[in-house]
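K.L.:
My questions concern the predicted model and sequence given below.
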Amino acid sequence: MLIHVCMPPITPSKQFLEYSPILFLALNSSIIFIDVTLQDRNMRRQIGRLLCQNRKYSWAQKLAYGIERIYKGYENLDYNFYKNGEAHLLSCISKNMQPKIVFDVGANNGEWALLAQKYFTEAQVYAFEIVPKTFQELEASCSNEPKINIHNVGLSDTEGEISVFCSPGSSGLSTCVMDFSEDFHGQETEEIKAKVIAGDSFCTQNNIASIDFLKIDVEGFEHKTLKGFEQLLTKNNIKVIQFEYGFINVETHFLLKDFYSYLEPLGYKIGKVYPDHIAFKDYEYTDENFYGPNYLAVHSSEKELIKALS
């Protein structure tokens, strides 16, 4: 049986509970059991059609919502460094190479920069935070870390001044994409003007010839930041790039496919960050689900590192 509904006081039989794997979803007073093996494609379609035909009913809505939540978990839609694989990634890299130069673009309050410095003990970490109030938090958290260099400027593909829409209640949601925080997150924002510089220009001014790890978390501005490093990228002088991808890319019109199209010709292997590995793979249209949140691009010359991370 594909779907078995138990209404209290009925309970599933011992034999049923022993059958594995089974997905259990509690829906108020009902318990719905779905055989998640579902090797038969027609069976999967039957369940989909069943839900579609009954989507106006609360049980179908709750079941579909539960399945979606499980799928998001499976796709690693998680922003906790210690659960989503970011900390594991840093640990794994530290065992296979010793980065000397690390860029944290979109440093927020410094949590990632401090974590990176913990693993990359020999590295100079350059942390960039464009929002002045958030920069003050970054300054406070990194004040006793001489190897973390903080900069109150954003990195883009040009130099000048841009609008930033700050979320006072959540510094991590500040973005250069107008209306996104209000429409998607329900956050009120205030507009400020802030300075940006191209990554290549910053590196030239600070005598930085190469970057071992470039982490970009700038709420929809990732593609602009990447293109600001065009000179270093074309010279193969950036080894590892971590970038965010999510629903905000609907607004920027720079999709996951565009990241692949930009980075692969430059020699990068790209994969999604999972809790215990990086799933390097070619792009498929079905990857365009906006769940993200983090992807990794490693230059193909770093074969041993790619193997260790996979």
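P.N.:
Sure, I can see it. Here the structure is a predicted model, which is why all the values come from computation and not from measurement.
K.L.:
Residue 213 versus residue 245, what's the distance?
P.N.:
18 Å (CB to CB, to the nearest Å). Where you see a C-beta, it was placed from the backbone N, CA and C, and this is true even at glycine.
K.L.:
Over to residue 122?
P.N.:
12 Å.
K.L.:
The host helix or strand of residue 50 packs against which elements?
P.N.:
Following DSSP states H and E, one finds residue 50 within helix 41-53. On a contact count with 3 or more CB pairs under 8 Å, 6 or more residues apart in numbering; DSSP states H and E, helix 41-53 meets helix 58-74.
K.L.:
For the helix or strand that comes right after the helix it packs on, name the packing helices and strands.
P.N.:
Going down the chain from helix 58-74, the next helix or strand is helix 86-96, by DSSP H and E. Here helix 86-96 touches helix 111-119, strand 238-244, helix 303-309, going by 3+ CB pairs under 8 Å, 6+ apart.
K.L.:
How far does the second one sit from its chain's centre?
P.N.:
From the chain centre to the centre of strand 238-244 is a distance of 12 Å (CA atoms, centre = their mean, to the nearest Å).
K.L.:
Okay, angle between that strand and helix 86-96 too, please.
P.N.:
Here the directions of strand 238-244 and helix 86-96 differ by 170 degrees (axes from the mean of the first three to the mean of the last three CA atoms, to 10 degrees).
K.L.:
Common neighbours of residue 122 and residue 213, please.
P.N.:
residue 99 (CB atoms under 8 Å, 6 or more residues apart in numbering).
K.L.:
the more surrounded of the two?
P.N.:
residue 213 (25 against 10; other CB atoms under 10 Å).
K.L.:
buried ones in the helix or strand where the more buried one lies?
P.N.:
Here residue 213 sits within strand 211-216, counting by DSSP H and E. Of the residues in strand 211-216, 211, 212, 213, 214, 215, 216 count as buried by neighbour count, 16 or more other CB atoms under 10 Å.
K.L.:
Need the distance between the two termini of stretch 258-270.
P.N.:
Start-to-end span of stretch 258-270 (CA to CA, to the nearest Å) is 12 Å.
K.L.:
Now the strand holding residue 213: average pLDDT?
P.N.:
Averaged across strand 211-216, the pLDDT comes to 98.
K.L.:
Just the CA coordinates for the lengthiest strand in the chain, please, in CSV.
P.N.:
Looking across the chain with DSSP state E, the single longest strand is strand 190-198. C-alpha atoms of strand 190-198 as CSV (Å, rounded to 0.1, in the frame of the first residue of the first chain):
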residue,chain,number,x,y,z
GLU,A,190,16.3,51.9,5.0
GLU,A,191,18.4,53.0,2.1
ILE,A,192,22.0,54.2,2.5
LYS,A,193,24.8,55.0,0.2
ALA,A,194,28.0,53.0,0.4
LYS,A,195,31.3,52.8,-1.3
VAL,A,196,32.4,49.9,-3.5
ILE,A,197,35.7,49.0,-5.2
ALA,A,198,36.6,46.3,-7.7
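K.L.:
Which strands and helices lie in contact with the helix or strand following it?
P.N.:
Where DSSP H and E defines the elements, the next helix or strand beyond strand 190-198 is helix 199-205. Other helices and strands packing on helix 199-205, by 3+ CB pairs under 8 Å, 6+ apart, are helix 230-234.
K.L.:
Can you tell me what sits against the helix it packs on?
P.N.:
Contacts of helix 230-234 (CB under 8 Å, 6+ apart): 157, 199, 200, 203, 210, 211, 226, 238, 266.
K.L.:
among the residues you listed, who's most crowded?
P.N.:
Busiest of these [other CB under 10 Å] is residue 199, holding 29 neighbours.
K.L.:
wait, doesn't that one sit right on residue 228?
P.N.:
Yes. Under the criterion of CB atoms under 8 Å, residue 199 makes contact with residue 228 at 4.1 Å.
K.L.:
Sounds good, over and out.
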